[in-house]
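> Prediction below, plus the sequence it came from.
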Amino acid sequence: MHEKTWWWPVATESELATEPLAVQLFDESLVLWRDGAGQAVLMTDRCPHRGAKLSLGSVQGGQLQCAYHGWRFDGTGQCASIPALPGFVPPATHKACRHELREAHGLLWANMGGAQFDPPALAGLPTRRLIYGPFDVATSAPRAVENFLDTAHFAYVHRGWLGEAGHPEVPHYDVTHTADGRPVIEQYKTWQPRATASAAEGGWVTYRYEVLSPYSALLSKRADAGGPEDSYVIWACPTSEESCRLWFAQYTSDETSSDDTLRDFQVEIFSQDQPILESQQPRRLPVNGGEVMCAADRLSAAYRRYLQKAGIAYGVC
């Protein structure tokens, strides 16, 4: 699977506390936990002894203890002790399957083997960061990312917020590409009744879009009349071919609005998107035809071509 050459977000750093956390990636059940040094560990959520879920266990003395027979595993996945055999030293074969894990952008990133790419880089964004989610969505990860990149739905799905029926037009825009082939729109203008949580009235807003990786993207926006600068990132975890877990990170220069005010605004926006996303058929994104396009869909078309060139086959059809 070519997707295994990428890193994928599976949880926020703050989600993982003292107890094991069950997560899913590529239809595989995984467990996150912190060892005695506080380091996050990712393993397959299956005890090698009798197949019980390790996420049902607990962390004891910096080791993950299985809830079934009490076997304990260290941060490398090696079985450290078997309570039924107090003097027994478990051999190297008594080991749970451990996966590589990284921390970046406030999230924990998993690699399922053979990583060739780092987690996407972010630079030059406002310093205040809030992460919203997770949102579990019954559609594929690329469907969710394409919706994030789509502008023509603002006047209908986000009426009274990011768009209105009186301004449904999508002005001409050019799609360029980064050196490694990721689609970018350097400038896109749209009229929005309420562009941000702090907006008091409608106005023209300038957007910039950039695909960061197969299942993540960045948009930055600023009202032409001034005000805070906002950047938003969608991080998508492909839990299965037709489901995903999403986080939205907001980087903002707004120092006056409370965290709750900013969060409520973004949660409302996504609550408008989710039922539409979950209604789309097929749930896998058609990259080989089957849906018609128009000139307003240039970025969507470019994103689909990018997935094809990147060799992405999971969550697409």
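Right, received. Where do you want to start? Numbers count the residues shown, from 1 in each chain.

> Poorly predicted segments of the stretch 51-200 of the chain, please.
Counting by pLDDT under 70, the low-confidence segments of the stretch 51-200 of the chain come to 195.

> got the residue ranges for the strands in it?
58-60, 63-65, 72-73, 79-81, 98-104, 107-111, 128-137, 176-177, 183-192 (DSSP state E, counting those that start in this stretch).

> Just the buried positions in the first one, please.
Neighbour-count burial for strand 58-60, counted by 16 or more other C-beta atoms under 10 Å, picks out Val59. Heads up, the C-betas are built off the backbone N, CA and C, glycines and all.

> before we move on, the earlier item: indicate which one of the strands of the stretch 51-200 of the chain is closest to His2.
For His2, the closest of the strands of the stretch 51-200 of the chain is strand 107-111, at 13.0 Å, according to C-beta to C-beta.

> could the strands of the stretch 51-200 of the chain be laid out in JSON lines, adding distance to Ala200?
Shown next, in JSON lines, are the strands of the stretch 51-200 of the chain (distance: least, C-beta to C-beta, whole Å):
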{"stretch": "strand 58-60", "distance to Ala200": "48"}
{"stretch": "strand 63-65", "distance to Ala200": "51"}
{"stretch": "strand 72-73", "distance to Ala200": "55"}
{"stretch": "strand 79-81", "distance to Ala200": "59"}
{"stretch": "strand 98-104", "distance to Ala200": "36"}
{"stretch": "strand 107-111", "distance to Ala200": "33"}
{"stretch": "strand 128-137", "distance to Ala200": "20"}
{"stretch": "strand 176-177", "distance to Ala200": "34"}
{"stretch": "strand 183-192", "distance to Ala200": "12"}
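
> Which of those strands sits closest to Asp259?
Nearest of the strands of the stretch 51-200 of the chain (C-beta to C-beta): strand 128-137, 6.0 Å.

> From the contact counts, what lies against that closest one?
strand 8-12, strand 243-252, helix 259-279 (3 or more C-beta pairs under 8 Å, 6 or more residues apart in numbering; DSSP states H and E).

> Pick the most deeply packed of the ones you listed.
Comparing the helices and strands packed on strand 128-137 by mean neighbour count (mean count of other C-beta atoms under 10 Å), strand 8-12 comes out on top with a mean of 24.

> Can you tell me what sits against that one?
21, 23, 25, 30, 32, 42, 106-112, 119, 131, 133-134, 215, 235-238, 245, 247 (C-beta atoms under 8 Å, 6 or more residues apart in numbering).

> Name the nearest residue to Thr5, sequence neighbours excluded.
Distance criterion C-beta to C-beta, 6 or more residues apart in numbering; nearest residue to Thr5, sequence neighbours excluded, is Gln116 at 4.2 Å.

> Surely that neighbour touches Lys4?
No: Gln116 is beyond contact range of Lys4, at 9.3 Å (criterion: C-beta atoms under 8 Å).

> In contact with the nearest residue to Tyr188 once chain neighbours are set aside, which residues?
Counting by C-beta to C-beta, 6+ apart, Tyr188 lies nearest to Tyr207, which is 4.3 Å off, once chain neighbours are set aside. Shown in contact with Tyr207 (C-beta under 8 Å, 6+ apart): 151, 185, 187-190, 219-221.

> Same question for Arg102.
Taking C-beta under 8 Å, 6+ apart as the test, what Arg102 contacts is 7, 108-109, 111, 119.

> Relative to Leu101, which of these is nearest.
Using C-beta to C-beta, the contacts of Arg102 come closest to Leu101 at Leu108, 6.0 Å.

> residues contacting the closest one?
9-13, 16, 32, 40, 42, 101-102.

> Same check on Pro214?
By C-beta under 8 Å, 6+ apart, the neighbours of Pro214 are 3, 6, 142, 145, 306-307, 310, 312.

> Of those residues, which is the nearest to Arg50?
When the contacts of Pro214 are compared against Arg50 (criterion: C-beta to C-beta), the nearest one is Glu3, at 30.2 Å.

> before we move on, back to that, most neighbours, which of the contacts of Pro214?
Val145 (26 neighbours; other C-beta atoms under 10 Å).

> That residue and Ala217: what is the separation?
6 Å (C-beta to C-beta, to the nearest Å).

> shared neighbours of those two, anything?
211, 234.

> Got phi/psi on the closest residue to Pro83 other than its chain neighbours?
Closest residue in space to Pro83, ignoring its immediate chain neighbours: Gly70 at 4.2 Å, by C-beta to C-beta, 6+ apart. With angles defined as degrees, to the nearest 10, Gly70 sits at phi 80, psi 10.
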